[in-house]
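Participant: Quick check, what structure comes out for this input:
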Amino acid sequence: MRDGPKVPYTGQFGDTVGYDFHQKENDTWYVTLDVSEKHMNQYGIAHGGVPLTLMDVAGGLAVYDLPLEFNRIATISMSHNFIGPVCAGIVTAVGIVEHHGKSVAY
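Facilitator: Okay, the predicted model is just below:
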């Protein structure tokens, strides 16, 4: 874990979306969002960018905890197939690093 704040700050975008960080007893980070009307599209379901944002942040948190030296974390590629809608309520995303090198993790 880096020196400084226990939870990394993801900027004003995170404040706007409204997600929260949490840490399990095994130090795994996860992100939650109380999906509400402000996250909905014209069809009454969460805009597709909402779950993608949560997955992106959860992945970044998983990389943040790696014992590596880096100046910043950025997503270089992300793909998803939607199989169902995200409706109002608490949504959770967990990031797990399956493999990493010196500059890229997945």
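Participant: how near is A46 to N26?
Facilitator: 28 Å (C-beta to C-beta, to the nearest Å). Yep, even glycine has a C-beta here, placed from its N, CA and C like the rest.
Participant: And these two? Which one has more around it.
Facilitator: Comparing A46 with N26 by other C-beta atoms under 10 Å, the one with more neighbours is A46, at 23 against 5.
Participant: Bridged to M40, which residues?
Facilitator: For M40, the beta-bridge partners are A46 (DSSP bridges).
Participant: all numbers from here: first residue = 22
Facilitator: Done: numbering now begins at 22, and the last item shifts to M61.
Participant: Quick check: it touching P106?
Facilitator: No - assessed by C-beta atoms under 8 Å, M61 is found out of contact with P106, at 10.1 Å.
Participant: what sits in contact with each of the two?
Facilitator: A67 (C-beta atoms under 8 Å, 6 or more residues apart in numbering).
Participant: The two: which has the busier surroundings?
Facilitator: M61 (16 against 12).
Participant: ok now do the more buried one, which residues does it touch?
Facilitator: The contact partners of M61, by C-beta under 8 Å, 6+ apart, come to A67, H68, A109.
Participant: Would you convert these into CSV that also reports pLDDT and distance to F91?
Facilitator: As requested, these are arranged in CSV below (pLDDT from 0 to 100; distance: C-beta to C-beta, whole Å):
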residue, pLDDT, distance to F91
A67, 96, 31
H68, 94, 30
A109, 96, 36
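Participant: Just confirm V84 is within a helix.
Facilitator: Yes - counting by DSSP: H, G, I helix; E, B strand; the rest coil, V84 is part of a helix.
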